[in-house]
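Engineer: Starting from these lines, generate the structure:
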Amino acid sequence: MSFQEEITTHLAKFNTSPFLFVGSGFSRRYYGLPTWEALLIEMVTKLSLSKPYEYYKSNSDGRLPQVASMMGDEFNSIWWSSELFEENRRQHQKEISTKFCPLKLEITKHLQDKSNLLDDEILKKEINLLKKANIDGVITTNWDTLIEELFPTFTSFIGQEELIFSELFTIGEIYKIHGSTTSPSSLVLTSEDYENFDERNTYLAAKLLTLFIEHPIIFIGYSLDDKNIQNILKSIVKCLTKDKVTKLQDRLLFCQWVDGDVITTITDSSMLISDTVIPIKLIKLNTFLDLFTVLANNKKKLPTKVLRQMKGMIYDFVKSNNSKQKIFVADNLDDIENIHKAEFVYGVGIKDKLSDIGIKGIGLKDLHEDIINDKGWNSESIAKLCLTQQQLTARFVPYFKHLKIAGFLDEQGKIDDAIDVVEFSPSFITKVNNITRNDFFPAQNYAKKEDETNAKYNSLEELVTALPTPLHQLVYIPLLQEDKIDLLYFGDYLEKNMHLLDNSSLGSHFRKLVCLYDFLKNKQ
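Structural biologist: Now for the predicted structure:
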């Protein structure tokens, strides 16, 4: 079994989508950001501190939070007096609330300047796949905003305090537990910050406990002995009895990057947290292509944004005595009589024209009819919500009309594999891009007559006139060379014979012909 098959099977055990737990190795991989110590070394020079980095390190016994505290303590007076930081003082002095804020502000600006995706083809492919990943959320100790850029529809909670005191729906959310560059004062940087963080770690763990028990958690960018992870898991384990720790079985998946050309594998392993052994899955890899491909193909029944909004409405309705939401529940659409009383209605459908069907309710026959007689649908919605669903079950789907109108095809009639459309999984893009004229050929006993057919007929009209039997027309038309097929005549022919869509013996041949017409007109 390949890694993709194995990890797909493993994730299918759970009723929920994964959460990612993202660490500094993630930002180093895609942004080229420095390690924490390397960042502090860079800042010593940039901030014009009076002493070399080794001075702060040696006087802190090598503890990086204490190094940051010493640097922040010294830099505070420099920032308030030096001409080098005059412009920053003018813009941000009202935001300064502690003596360490100037250091955090300058670190934020430094990281923002360096936060650009690295120019590497493999990394770009990984990022494009990750953008399409169907996950429920992200927990991260990183300060940069790469995660927000990858998942722009997710709601972010910055800092431990905001996370603890906010209502969480555990879907479509980003938990930045060590702060963010969008709020410099939130950064967990100094020894004082870490002391405050550790004091509240138990509350944070209690907040995350349900998430860890209900979701698979995929750790990316951490080593197994990372203190941040060890401390959080230690606090979570404290909330569980030893027999309940088994509920974490198979839910913790650690990605371990390996230098060199290796085959991605997933194996059973374990972590020792205090005196408790926690079973984990260990993924060894050199590239994230396989893992992110699986996450991109991990389809949800509804988009994450929709699910989060629905969950929020229901939560407000159940929790509050004076809910803002008026919710109507029915198991049969025919039962809806008082829908006009609802203050808010959420639906998936094409306005006016398809409100009684819904985009995802469009059948394959509807799509074929639309190719012959345009129904005026919204092509972007059809492409995202309908075509992506049809490709999972149907063989001959007319993809190209709506993909073309929506602007998703390039000059070669293909979907760019770097396109940022969440609904387009890698398998969908691959399937559409690999379609050729030969895919519409009839069975082999007919296909071998391609040369004979083209020698015999000079046009589509000539072939149709010479072959009065519908079956022979349907199977021989795909064999004609493209320059012999007049698309106007082809369209008229399909319209006149549209009744064949419902023919039990000829319907599949006719649908294939409709797809050929769509292919020639909109892809070629």
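Engineer: Now for Ala459, how many residues are close by?
Structural biologist: You called it Ala, but residue 459 is Ser. 14 (other CB atoms under 10 Å). (Glycine included, C-beta is placed from N, CA and C.)
Engineer: For it, give me the pLDDT.
Structural biologist: pLDDT for Ser459: 95.
Engineer: What are the phi and psi values at it?
Structural biologist: Backbone dihedrals for Ser459, given as degrees, to the nearest 10, come out at phi -160, psi 160.
Engineer: Going forward, count from 8.
Structural biologist: Understood, numbering begins at 8; the last thing we discussed is Ser466.
Engineer: what's the nearest residue to it if we skip its chain neighbours?
Structural biologist: Spatially, and ignoring its direct neighbours in sequence, Ser466 is nearest to Lys491 (5.3 Å; CB to CB, 6 or more residues apart in numbering).
Engineer: neighbours around the one you found, how many?
Structural biologist: 17.
Engineer: and stretch 182-196, how far apart are its ends?
Structural biologist: Across its full length, stretch 182-196 reaches 17 Å between end residues, using CA to CA, to the nearest Å.
Engineer: Quick check: mean pLDDT of that stretch?
Structural biologist: 95.
Engineer: can you check stretch 434-451 too?
Structural biologist: On average, stretch 434-451 scores 90.
Engineer: now stretch 20-40
Structural biologist: According to the model, stretch 20-40 has a mean pLDDT of 94.
Engineer: List the buried residues of stretch 207-223.
Structural biologist: Asn208, Leu211, Ala212, Lys214, Leu215, Leu218, Phe219, His222, Pro223 (16 or more other CB atoms under 10 Å).
Engineer: Quick check: the first one touching Ser242?
Structural biologist: If I follow you right, that is Asn208. Yes. Asn208 lies in contact with Ser242 (CB atoms under 8 Å); the separation is 4.9 Å.
Engineer: Just give me the longest helix of this structure.
Structural biologist: What stands out as the longest helix in the chain, according to DSSP state H, is helix 71-88.
Engineer: same for whichever helix or strand comes after that one, what does it pack against?
Structural biologist: Next helix or strand after helix 71-88 toward the C-terminus (DSSP states H and E): helix 93-99. In terms of contacts (3 or more CB pairs under 8 Å, 6 or more residues apart in numbering; DSSP states H and E), helix 93-99 is packed against helix 71-88, helix 108-121.
Engineer: ok now helix 93-99, how far from the chain's centre?
Structural biologist: On the basis of CA atoms, centre = their mean, to the nearest Å, helix 93-99 sits 38 Å off its chain's mean C-alpha point.
Engineer: For that helix, the averaged confidence score.
Structural biologist: Mean predicted confidence for helix 93-99 is 93.
Engineer: Can you give me the buried ones in that helix?
Structural biologist: Arg96, His99.
Engineer: Please work out which residues outside it touch it.
Structural biologist: Trp86, Trp87, Leu112, Glu113, Lys116 (CB atoms under 8 Å, 6 or more residues apart in numbering).
Engineer: and it, C-alpha only, in PDB?
Structural biologist: Extracted in PDB, the C-alpha atoms of helix 93-99 (Å, rounded to 0.1, in the frame of the first residue of the first chain):
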ATOM      1  CA  GLU A  93      12.200  58.200  15.200                       C
ATOM      2  CA  GLU A  94       9.700  57.300  12.400                       C
ATOM      3  CA  ASN A  95       8.600  54.100  14.200                       C
ATOM      4  CA  ARG A  96       8.200  56.100  17.400                       C
ATOM      5  CA  ARG A  97       6.000  58.600  15.700                       C
ATOM      6  CA  GLN A  98       3.800  55.800  14.200                       C
ATOM      7  CA  HIS A  99       3.600  53.400  17.100                       C
END
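Engineer: quick check: domain ranges of this protein?
Structural biologist: Following automatic domain parsing, one gets these domains for the chain: 10-40+124-303, 44-121, 308-353, 356-430, 444-530.
Engineer: Make TSV out of those and add distance to Ile436.
Structural biologist: Output for the domains of the chain, formatted as TSV (distance: least, CB to CB, whole Å):
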stretch	distance to Ile436
domain 10-40+124-303	9
domain 44-121	32
domain 308-353	18
domain 356-430	5
domain 444-530	14
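Engineer: Check those domains for me: which has the lowest mean pLDDT.
Structural biologist: Looking at those, the weakest mean confidence is domain 308-353, a mean of 53.
Engineer: OK, contacts around the residue of the chain positioned farthest from its centre?
Structural biologist: Most distant from the centre of the chain: Ala473, at 53.1 Å, with distances by CA atoms, centre = their mean. Counting by CB under 8 Å, 6+ apart, Ala473 touches Lys463, Tyr464.
Engineer: again, only using 10 Å
Structural biologist: Lys463, Tyr464, His479, Gln480, Tyr483 (CB atoms under 10 Å, 6 or more residues apart in numbering).
Engineer: Next: Lys463.
Structural biologist: Lys456, Glu469, Leu470, Ala473, Tyr483.
Engineer: Kindly reformat these as TSV containing secondary structure and distance to Phe26.
Structural biologist: Shown next, in TSV, are these (DSSP: H, G, I helix; E, B strand; the rest coil; distance: CB to CB, whole Å):
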residue	secondary structure	distance to Phe26
Lys456	coil	57
Glu469	helix	62
Leu470	helix	58
Ala473	helix	63
Tyr483	helix	55
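Engineer: Could you work out the most separated pair of those?
Structural biologist: Lys456 and Glu469 (15.9 Å; CB to CB).
Engineer: ok, residues contacting stretch 271-278?
Structural biologist: Contacts for stretch 271-278 (CB under 10 Å, 6+ apart): 9-11, 13-14, 17, 231-232, 236-237, 240, 255-257, 259-263, 265, 284-298.
Engineer: which ones are touching the closest residue to Pro223 other than its chain neighbours?
Structural biologist: Once flanking residues are discounted, Pro223 sits nearest to Pro25: 4.6 Å by CB to CB, 6+ apart. For Pro25, the contact set (CB under 10 Å, 6+ apart) comprises 18, 140-145, 222-225, 258, 260, 301-302, 305.
Engineer: just checking, which of these belong to helices?
Structural biologist: Per DSSP H, the subset of the contacts of Pro25 in helices is Leu18, Val301, Leu302.
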